[in-house]
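Undergrad: Return atomic coordinates for the entry below.
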Amino acid sequence: MKSYPEIEQGTEAWRKIRAGKVTASCMEKIISPTGQESKQADKYMLQILGEIISGEPEETWSGNSDTERGKTLEQEAADYYAMTQEAELEKMGFCTTDDDFLGISPDRFVGDDGLLEIKTAKQSVFVDYLLSGKLEQDHRPQTQCCLYVTGRKWVDTFLYCPTMPKQIIIRSTPNKPFITSMCEYLSKFSKTLADKKSKLAELGYINGI
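TA: Prediction:
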C-alpha cells in the first residue's frame with residue numbers, strides 16, 4: 001500500500017491523484033452491494049479512460065444539501081466517535097495499491113487495526129436504516145475495498161445524525177467471499193481497460209503503452 005497523509009481530501013491535489021484510478025467510492029460500479037457484477041462497469045471505464053487521457057478528474061456530480069451536510073458534520077461526527085469509543089483517530093488523505101490501480105480515501109484510521117467510514121444522514125434516512133438494517137450492506141463495496149487496500153482488521157461504518165439520541169455504528173471485518181468476487185471483477189475490468197488503453201494509444205491519445 002502507498003499512503004499520502006499529506007493530501008487533504010477535497011482539495012485539487014486530492015482530485016488530481018484520484019484521476020484515472022478505480023476508487024473505493026465508486027466500487028459499487030464494479031461490484032454491487034450483494035456481490036454481483038455491476039452493470040455500470042462499462043460506463044465507469046469510459047470515465048477512467050477520459051481521466052487517463054486528460055489527466056483531469058471528470059466532474060460527475062456537483063453535490064446537494066446532503067453532501068454539504070456531510071462535509072459540515074464530518075469532524076463533529078469524528079469527535080463524537082472518538083469520545084464515545086475511546087478511540088485514537090488519524091486522518092489519511094489517500095491510499096493506493098502498490099500498482100496505483102486502486103485508490104481509497106478512508107475517513108479515518110482507528111488505532112493500529114481499524115478504519116472509520118462516516119456517513120451523515122437526515123432524520124428520515126437515519127430511521128430508514130434503523131428499520132432496514134442495511135447500513136453495512138449498502139456501503140459494503142466501499143468498506144470492503146478499504147479493508148482490502150489497507151489490510152486493516154476491521155472497519156466501523158458510522159451513521160451520524162446529531163438530533164438522534166443514539167447513533168448507529170456497524171463493525172465489519174474482511175468478507176472473504178465478497179473480496180474474492182471483487183478481485184475477480186477488478187481483474188476483468190483491468191484487462192479490458194488495458195485493451196482499450198492500447199487502442200487509444202494506437203489513435204495517438206495515450207503515450208507510453
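Undergrad: least trustworthy helix or strand in the chain by mean pLDDT?
TA: helix 65-84 (a mean of 83; mean pLDDT, DSSP states H and E).
Undergrad: need the next SSE after that helix, C-terminal direction.
TA: Using DSSP states H and E, the next helix or strand after helix 65-84 towards the C-terminus is strand 89-90.
Undergrad: That next one pairs with which strands?
TA: Here strand 89-90 is paired, per DSSP bridges, with strand 108-110 (antiparallel).
Undergrad: one step back: and the least confident helix or strand of the chain, what does it pack against?
TA: strand 89-90, strand 114-120, strand 154-160 (3 or more Cβ pairs under 8 Å, 6 or more residues apart in numbering; DSSP states H and E). Where you see a C-beta, it was placed from the backbone N, CA and C, and this is true even at glycine.
Undergrad: got TSV for these, with mean neighbour count, distance to K197 and mean pLDDT too?
TA: What follows is those, written out as TSV (neighbours: other Cβ atoms under 10 Å; distance: least, Cβ to Cβ, whole Å; pLDDT from 0 to 100):
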stretch	mean neighbour count	distance to K197	mean pLDDT
strand 89-90	14	35	98
strand 114-120	22	31	97
strand 154-160	22	32	98
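Undergrad: And the ones you listed: which comes nearest L46?
TA: Shortest separation from L46 across the helices and strands packed on helix 65-84 is recorded for strand 114-120, at 27.2 Å, computed as Cβ to Cβ.
Undergrad: by contact count, what packs against that closest one?
TA: helix 65-84, strand 108-110, helix 140-150, strand 154-160.
Undergrad: Leaving out the residues flanking it, which one is nearest to K91?
TA: R108 (6.3 Å; Cβ to Cβ, 6 or more residues apart in numbering).
Undergrad: Any idea what the one you found is bridged to?
TA: Beta-bridge partners of R108, as defined by DSSP bridges: L116.
Undergrad: count of neighbours near it?
TA: 22 (other Cβ atoms under 10 Å).
Undergrad: what's near enough to touch it?
TA: 78, 81, 89-92, 115-116, 118 (Cβ atoms under 8 Å, 6 or more residues apart in numbering).
Undergrad: what would those look like in JSON lines with distance to D98?
TA: Formatted as JSON lines, the contacts of R108 follow (distance: Cβ to Cβ, whole Å):
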{"residue": "A78", "distance to D98": "28"}
{"residue": "Y81", "distance to D98": "30"}
{"residue": "L89", "distance to D98": "25"}
{"residue": "E90", "distance to D98": "21"}
{"residue": "K91", "distance to D98": "22"}
{"residue": "M92", "distance to D98": "17"}
{"residue": "L115", "distance to D98": "19"}
{"residue": "L116", "distance to D98": "24"}
{"residue": "I118", "distance to D98": "27"}
